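Trainee: Predicted model follows, preceded by the sequence.
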Amino acid sequence: MVGDSSASDRAGRSEQSGSGQQSAPVIGDAGAGAGGAENNLGEIMGQLARSLQDEHGDVEGTLQTITSTAVGSIPGAEHCTISYVIGRHTVEPRAATGPLPQRIDEMQNRVREGPCLDAVWEHETVRIDDMRAEERWPQYTAEAAKLGVLSALSFQLFVTGDNLGALNLYAERPHAFHEGSEDVGLVFASHAAVALAGARHEANLQRAVSSRDVIGQAKGILMERFKLTADQAFAVLSRTSQETNRKLIDIARELAETGDLPHP
C-alpha cells in the first residue's frame, strides 16, 4: 500500500514506519510503556466491542463510540475524528472528541488539501510526525500547527466509489505516534470499519422496514376508503408521487399522518 521498497513487509503502514525514528512515549490508558497497548491489543478490541454493543443501527452513536475509544486505546492519540470525504473533494467531519479535531477536519476541507483528500485514498495509513516539518501539504500543516496540533495519524476505514471514510488521530506534540501506534491503529480501524458497516447496514434495514410499514398503512387507508385492491392502492400512491414530483414514501407518510392525499 505504501510507496517504498519495503511495502510488502509493512503492509498498510505509513511511509515513515521503519525509518529509524524513536518511539514516542505512550499516553492515556493504552499502556504505561511503548509496548503497553500492543501487548493488550485483545483487551483493546474487547473494549471496543463492548462499547459498540448498545449502538446497533445507530450510525452516529457508532461513530462517536469509535472516536472516544480510539483516544484511550491508540498510543499517542489525544484527539480523534472520523471524517467522510464526499466525491473526493469535500471533507465532512462526522464524529469528533472535541472542538479542536473538528476544526482541523473543517480546515482541511477549507484549504482543499491534506491527507484525507490525498494520501488516505492510496495508503491505509498516513502519519505526520511534525506539522512544522511536513512538506506534502504546506497550507494544511501550517494551519494545523497554528491551531496547536503537531502530529497526526490517519487510517482508511472504507472506500466506496468516490466516497471515503477515515479515522484521524491528532496530538499536540511532535512525534507523538510511532510504529506501535500504527500497529494498534490498523487493527482498531479494521474492527471499527466492520462495526460501522454493520451499523450502516442495520440502519438501512430499519429504514426499509419503516418505509414498508408506512406504505402499508397508506395502502390500507386507500383500500378501506375507496374499496380498492392492494395493487390499485399502490397505483394511486405511485401516480400521486409522479404528479406531485415527490417520493412515494413521503406521499405515503403524509397520507398516514393526515388522512389526505396531497394534491398536484
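Mentor: Received, thanks. Residues are numbered from 1 along each chain as shown.

Trainee: Buried ones in stretch 94-107, by neighbour count?
Mentor: Using 16 or more other Cβ atoms under 10 Å as the burial criterion, the residues of stretch 94-107 that qualify are 94-97, 100-107. Bear in mind the C-beta positions are built from the backbone N, C-alpha and C, glycine included.

Trainee: so of these, which ones are in strands?
Mentor: Helix and strand membership here follows DSSP state E; of those, those in strands are 94-96.

Trainee: Looking at those, which is nearest residue 63?
Mentor: Using Cβ to Cβ, residue 95 is the member of those that lies nearest residue 63, at 3.6 Å.

Trainee: if I look at the nearest residue to that closest one once chain neighbours are set aside, how far off is residue 88?
Mentor: Distances taken as Cβ to Cβ, 6 or more residues apart in numbering place residue 63 nearest to residue 95, at 3.6 Å, with adjacent residues excluded. In this structure, residue 63 and residue 88 are 21 Å apart, going by Cβ to Cβ, to the nearest Å.

Trainee: Mind checking which of those two has more residues around it?
Mentor: The neighbour count for residue 63 versus residue 88, taken as other Cβ atoms under 10 Å, is higher for residue 63 (24 against 12).

Trainee: and the ones in strands among the buried residues of stretch 94-107 as JSON lines, adding pLDDT and distance to residue 261?
Mentor: Converted to JSON lines, these look like this (pLDDT from 0 to 100; distance: Cβ to Cβ, whole Å):
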{"residue": "94", "pLDDT": "83", "distance to residue 261": "37"}
{"residue": "95", "pLDDT": "85", "distance to residue 261": "40"}
{"residue": "96", "pLDDT": "92", "distance to residue 261": "43"}
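
Trainee: mind putting those in JSON lines, distance to residue 246 included?
Mentor: Shown next, in JSON lines, are these (distance: Cβ to Cβ, whole Å):
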{"residue": "94", "distance to residue 246": "28"}
{"residue": "95", "distance to residue 246": "32"}
{"residue": "96", "distance to residue 246": "35"}
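
Trainee: If we only consider those residues, which is nearest to residue 249?
Mentor: Ranking these by separation from residue 249, with Cβ to Cβ as the measure, puts residue 94 on top at 24.6 Å.

Trainee: what's the spacing between that closest one and residue 105?
Mentor: As defined by Cβ to Cβ, residue 94 lies at a distance of 9 Å from residue 105.

Trainee: Ok, residue 182 next?
Mentor: 20 Å.

Trainee: what's the pLDDT at residue 190?
Mentor: pLDDT, the model's per-residue confidence, is 81 for residue 190.

Trainee: Please disregard the earlier target; I meant residue 141.
Mentor: Confidence per residue is given as pLDDT, and for residue 141 that number is 96.

Trainee: Cross-check the contact I'm expecting between it and residue 129.
Mentor: No - here residue 141 lies out of contact with residue 129, judged by Cβ atoms under 8 Å, at a distance of 10.9 Å.

Trainee: Would you mind telling me which of these two has more residues around it?
Mentor: Comparing residue 141 with residue 129 by neighbour count (other Cβ under 10 Å), the higher total belongs to residue 141, at 24 against 21.

Trainee: quick one: contacts for the more buried one?
Mentor: By Cβ atoms under 8 Å, 6 or more residues apart in numbering, the residues touching residue 141 are 128, 131-132, 134.

Trainee: So it lies in a helix, does it not?
Mentor: Yes - Residue 141 forms part of a helix when assessed by DSSP: H, G, I helix; E, B strand; the rest coil.

Trainee: How far does the helix or strand hosting residue 242 sit from its chain's centre?
Mentor: Element membership of residue 242 [criterion: DSSP states H and E] is helix 230-244. Relative to the mean C-alpha coordinate of its chain, helix 230-244 is positioned 38 Å out (Cα atoms, centre = their mean, to the nearest Å).
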